[in-house]
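Asker: with the input below, show me the fold.
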Amino acid sequence: MTGDVVSARSGTPVDEVARWLAEYDINGLPVVDADDRVIGIVSTTDLRRTRRATGADGGLTVGAVMSAPARTVRADDSVVHAARIMSTSGIERLPVVDEEARLVGMVTRRDVLQIFARPDADIRDEVTDEIVVRALWLAAQSVDVAVHDGVVTLRGNLESSGEVAIAVRMTRQVDGVTAVVNRLTYRREASYRQVV
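Answerer: Next comes the predicted model:
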């Protein structure tokens, strides 16, 4: 995500927002209230629609033309979740908010595509090195990690169901992973309940 976000208030003049969009070479920005809570989005599409309907945008404020409520994601949401929202809603950008709905950043379709364009070999290497070897303290060959178009398949026989749960959960969080196919088996049930 981008952390330094240009934002507007509902009272910001539309012609000023049009200048910002051109100056920063962006096609939309979040609209926030006095507490930096996201209340809407204003985009070049909103501005064009307003110009067609009224013949001009002079004198109008963002509050009159913005799309609201804005779809947002939390900073701890996965990239896959953000991608699904963008895809199903047909939008190009999502404000990223904290637990109190305050703006902390922006994620765009371009950001998401850069992560999903990650080579399968890089994903495989990260899963093997960071999860199998460093997190689980296993030999690299203990788990067969296969990756095709971002889908990771894990195969092997681990010591416990807890190790399997950790491997699957951590793999889901690796940038570029779109899904995890769990083919791992284990020798014993974990003595504590592990949520996957």
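Asker: let me see the ranges of the strands in the protein.
Answerer: For the chain, the strands defined by DSSP state E occupy 28-32, 38-43, 73-74, 93-97, 103-108, 144-148, 151-160, 179-188.
Asker: the ones you listed: which one's closest to Val14?
Answerer: For Val14, the closest of the strands of the chain is strand 38-43, at 7.9 Å, according to Cβ to Cβ. C-beta here means a position set from N, CA and C on the backbone, and glycine is covered the same way.
Asker: what's the angle from the closest one to strand 93-97?
Answerer: Following axes from the mean of the first three to the mean of the last three Cα atoms, to 10 degrees, one obtains 160 degrees for the angle between strand 38-43 and strand 93-97.
Asker: which outside residues touch strand 38-43?
Answerer: The contact list for strand 38-43, computed with Cβ atoms under 8 Å, 6 or more residues apart in numbering, reads 8, 10, 14, 17, 27-33, 62-63, 65-70, 72, 91-93, 95, 97, 101-103.
Asker: now the helices for this structure?
Answerer: Listed in chain order, the helices found in the chain under DSSP state H are 14-23, 44-54, 62-65, 79-89, 109-116, 120-126, 161-172.
Asker: mind putting the ones you listed into TSV with mean pLDDT?
Answerer: Formatted as TSV, the helices of the chain follow (pLDDT from 0 to 100):
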stretch	mean pLDDT
helix 14-23	91
helix 44-54	83
helix 62-65	90
helix 79-89	84
helix 109-116	78
helix 120-126	95
helix 161-172	95
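Asker: tell me which residue is most central in the protein.
Answerer: Val79 (3.1 Å; Cα atoms, centre = their mean).
Asker: contact partners for the residue nearest to that one when sequence neighbours are not counted?
Answerer: Nearest residue to Val79 in three dimensions, chain neighbours excluded: Ile115, at 5.4 Å (Cβ to Cβ, 6 or more residues apart in numbering). Residues near Ile115 by Cβ under 8 Å, 6+ apart: Val79, Asp175, Gly176.
Asker: repeat that for Asp98.
Answerer: So Asp98 contacts Arg74, Ala75, Val104 (Cβ under 8 Å, 6+ apart).
Asker: output those in CSV; the columns should cover neighbour count.
Answerer: Formatted as CSV, those follow (neighbours: other Cβ atoms under 10 Å):
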residue, neighbour count
Arg74, 13
Ala75, 13
Val104, 15
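Asker: gap between the closest residue to Ser142 other than its chain neighbours and Asp46?
Answerer: The spatial neighbour of Ser142 that comes closest, neighbours along the chain excluded (Cβ to Cβ, 6+ apart), is Gly156 at 5.6 Å. Distance from Gly156 to Asp46, counting by Cβ to Cβ, to the nearest Å: 51 Å.
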